[in-house]
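Chemist: Here is a sequence with its predicted model. Questions after.
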Amino acid sequence: MAEKNDKWNASDLPGLSGRTAVVTGANSGLGFTAADALARAGAHVVLAVRDPERGRAAAARVNGSTEVRRLDLADLSSVREFAAGWDRPLDLLVNNAGVMMLPEQRTKDGFEMQFGTNHLGHFALTNLLLPYLTDRVVTVSSGLHRGGDGVIHFENVNLEGAYNPTRAYAQSKLANLLFVLELQRRLTEAGSRVRALAAHPGYAATNLQSHTANPLARLGMRLGNRLLAQDDRAGTLPTLYAATQDLPGASYVGPDGLGEMRGAPTLVGRSAAASDPAAARRLWTLSAEMTGVTWALGAAAA
């Protein structure tokens, strides 16, 4: 007889009938598996994707209620267009989409691609959708927020003249956690019931690693995906846990296994840099200046 698994998994999701979720980057990888699980639990899921044709192909594989809307996080005009087209309550926003360790590139607005996509695009999207949000925002970070230089390069966030794919990715994932920290502070100050949480998948085998700049790194990641990684459905569990369980605002969820590489979802720690409220406020101010998107709830936070 198979051993009973009593750890939390997707079958433990509560019924989500009547709830609406937006999942960015939902046409593949962790975004797709999150969208699929939420839809199977009864939610109406909006697949927010850069390529609507690929999004529709993904939606056709989902067992549940879906729709597809175009969203390019590397283009603030696309983010604004997506938000301008939203006109109803939104229970859950999953900031999942991302790029990883790319050769040096710029977004349409001139930002370093990883910082611009992984952080600034989601920063703008979340703020623009906040008037409609009713429950929570989950932002997907990474254990690699501890990597690179371990700091936000406030004087040079675009890493001009100092670009390194790993440094840029680590900075963007650290920015995700600082964003969640400051977002929760502002939500609490505004008296909002919305909660901001973060999650990371551990080492999950997805197509994200195939776009890294270094050929040797790509080879190593392919081997790691085969030998060490958990699959994308297991990698999605921390996001689903953060999206549906009764957790405090600013919580961070990851796998419970060795090194947080794999396992069932649980609350995990973060680096000291990711816990710095002064850095979180400074990043918020910088992000608002870069995107032109301002706080939308209540009085302006200090």
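Modeler: Yes, it's here.

Chemist: Low-confidence regions, the stretch 101-250 of the chain specifically.
Modeler: Counting by pLDDT under 70, the stretch 101-250 of the chain contains low-confidence ranges at 205-229.

Chemist: So which residues of it form strands?
Modeler: 133-140, 195-199 (DSSP state E, counting those that start in this stretch).

Chemist: Note down every partner strand of the last one and its orientation.
Modeler: Same thing as strand 195-199. Strand 195-199 pairs in its sheet with strand 133-140 (parallel), strand 252-255 (parallel), by DSSP bridges.

Chemist: Could you list the buried residues of the first one?
Modeler: Pointing back at strand 133-140 there. Across strand 133-140, burial judged by 16 or more other C-beta atoms under 10 Å covers 133, 135-140. In this view, the C-beta of every residue, glycine as well, is placed from N, C-alpha and C.

Chemist: In CSV, could you pull the C-alpha coordinates for that strand?
Modeler: What follows is strand 133-140, C-alpha atoms only, in CSV (Å, rounded to 0.1, in the frame of the first residue of the first chain):
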residue,chain,number,x,y,z
LEU,A,133,-8.6,44.0,-5.1
THR,A,134,-10.6,42.4,-2.4
ASP,A,135,-8.4,39.7,-0.8
ARG,A,136,-4.7,39.3,-1.6
VAL,A,137,-1.7,39.8,-3.8
VAL,A,138,0.9,37.0,-4.1
THR,A,139,4.3,37.9,-5.7
VAL,A,140,6.6,35.1,-6.7
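
Chemist: Verify the stated contact: Trp295 with Ala288.
Modeler: Yes - counting by C-beta atoms under 8 Å, a contact exists between Trp295 and Ala288, whose distance comes to 7.5 Å.

Chemist: list the contacts for Leu128?
Modeler: 79-80, 83, 293, 296 (C-beta atoms under 8 Å, 6 or more residues apart in numbering).

Chemist: about what we covered before: could you dump the strands paired with strand 195-199 to CSV with distance to Val62?
Modeler: Converted to CSV, the strands paired with strand 195-199 look like this (distance: least, C-beta to C-beta, whole Å):
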stretch, distance to Val62
strand 133-140, 19
strand 252-255, 23
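
Chemist: what about the nearest residue to Pro165 once chain neighbours are set aside, how many residues close to it?
Modeler: The shortest distance from Pro165 to any non-neighbouring residue, by C-beta to C-beta, 6 or more residues apart in numbering, is to Met101 (3.9 Å). Counted by other C-beta atoms under 10 Å, the residues lying close to Met101 total 22.

Chemist: I'd say Met101 and Thr166 touch.
Modeler: Yes - using C-beta under 8 Å, Met101 is in contact with Thr166, at 6.0 Å.

Chemist: ok, Phe111 - how many residues close by?
Modeler: Phe111 has 21 nearby residues by other C-beta under 10 Å.

Chemist: and the gap between it and Ala168?
Modeler: Using C-beta to C-beta, to the nearest Å, Phe111 is found at 11 Å from Ala168.

Chemist: Give the other helices and strands that the longest helix seen in the chain contacts.
Modeler: Using DSSP state H to define each element, the chain has its longest helix at helix 165-189. Where contact means 3 or more C-beta pairs under 8 Å, 6 or more residues apart in numbering; DSSP states H and E, helix 165-189 is packed against helix 113-114, helix 122-129, strand 133-140, strand 195-199, helix 277-291.
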